[in-house]
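# sequence plus predicted model, see below.
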Amino acid sequence: MIPGLGAVSIFFAIGLLGFIGGNSLYGQILGVSAGTLADVFGTTVHFDGEVLVIVRNAESLLQTPLEFHPNFSYSAIPLLTGVIVATPGLYLANRFTFGVLVPLIVFVAQVFLLTGFSFIDTSTAQMHATAKSTYTALWSMGPIILAAWWFWANWLPVFTRDRT
């Protein structure tokens with residue numbers, strides 16, 4: 001019962017940060033970090049105050065920028081942090097370590113993913129739609145699949161072991 005309440009508490013605490021503006025701050029930090037990495041490769045990623053903007057060649061009129069709201073990227077953090085940190089049987093030190101590492105790993109993955117998406121040619125409507133739906137699929141289904149796997153591998157054995 002306690003791990004379930006812990007997961008829900010972490011989920012709501014981080015989610016509440018999103019409601020009070022944490023997602024915009026996260027978008028700014030994500031835009032600066034991904035933009036710095038993208039600059040190395042000559043592409044552009046930035047946060048315009050409302051959405052993350054990704055474009056292969058900012059000077060080209062052919063390239064249509066990909067635009068994603070930071071809520072989309074931020075939504076992976078409460079789910080994964082809550083499920084992983086509240087895993088039954090973890091020591092307090094491991095919970096703290098996972099509590100720091102999970103958001104950091106999600107952030108780094110998003111920086112590299114946004115930078116990778118800045119290489120995609122979006123000069124036609126079909127290419128633009130394909131890139132946008134691929135990113136959407138990765139960040140809507142990816143964290144859910146990872147959380148389900150973590151639950152299956154780490155939570156389920158605790159709940160189903162023989163209690164005789």
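Okay, I see it.
# in this structure Phe119 contacts Phe41, no?
Yes: in this structure, Phe119 is within contact of Phe41 by CB atoms under 8 Å, at 7.2 Å. C-beta: built from backbone N, CA, C; applies to glycine.
# can you check which residues contact both of these two?
With contacts defined as CB atoms under 8 Å, 6 or more residues apart in numbering, no residue is adjacent to both Phe119 and Phe41.
# grab the nearest non-local neighbour of Leu5.
Spatial nearest neighbour of Leu5, chain neighbours left out: Ala86 (8.0 Å); criterion: CB to CB, 6 or more residues apart in numbering.
# so what's the residue count around the one you found?
Ala86: 22 surrounding residues under other CB atoms under 10 Å.
# ok, it touching Ala7?
Yes: with contacts counted by CB under 8 Å, Ala86 reaches Ala7, the gap being 3.6 Å.
# C-alpha coordinates for the host helix or strand of Val8, PDB please?
Element membership of Val8, judged by DSSP states H and E, is helix 2-17. C-alpha atoms of helix 2-17 as PDB (Å, rounded to 0.1, in the frame of the first residue of the first chain):
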ATOM      1  CA  ILE A   2       2.800   2.400   0.900                       C
ATOM      2  CA  PRO A   3       4.600   2.100  -2.500                       C
ATOM      3  CA  GLY A   4       1.400   2.800  -4.400                       C
ATOM      4  CA  LEU A   5       0.700   5.900  -2.300                       C
ATOM      5  CA  GLY A   6       4.400   7.000  -2.800                       C
ATOM      6  CA  ALA A   7       4.100   6.700  -6.500                       C
ATOM      7  CA  VAL A   8       0.900   8.600  -6.600                       C
ATOM      8  CA  SER A   9       2.300  11.300  -4.300                       C
ATOM      9  CA  ILE A  10       5.400  11.700  -6.400                       C
ATOM     10  CA  PHE A  11       3.300  11.800  -9.600                       C
ATOM     11  CA  PHE A  12       1.000  14.500  -8.200                       C
ATOM     12  CA  ALA A  13       3.900  16.500  -6.700                       C
ATOM     13  CA  ILE A  14       5.800  16.700 -10.000                       C
ATOM     14  CA  GLY A  15       2.600  17.100 -11.900                       C
ATOM     15  CA  LEU A  16       1.600  20.100  -9.600                       C
ATOM     16  CA  LEU A  17       5.000  21.700 -10.500                       C
END
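# buried set for it?
Buried residues in helix 2-17, counted by 16 or more other CB atoms under 10 Å: 3, 6-7, 10-11, 14-15, 17.
# let's have those residues in JSON lines, adding pLDDT and distance to Ser133.
Output for the buried residues of helix 2-17, formatted as JSON lines (pLDDT from 0 to 100; distance: CB to CB, whole Å):
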{"residue": "Pro3", "pLDDT": "64", "distance to Ser133": "35"}
{"residue": "Gly6", "pLDDT": "71", "distance to Ser133": "35"}
{"residue": "Ala7", "pLDDT": "71", "distance to Ser133": "30"}
{"residue": "Ile10", "pLDDT": "78", "distance to Ser133": "30"}
{"residue": "Phe11", "pLDDT": "76", "distance to Ser133": "26"}
{"residue": "Ile14", "pLDDT": "80", "distance to Ser133": "26"}
{"residue": "Gly15", "pLDDT": "77", "distance to Ser133": "25"}
{"residue": "Leu17", "pLDDT": "81", "distance to Ser133": "28"}
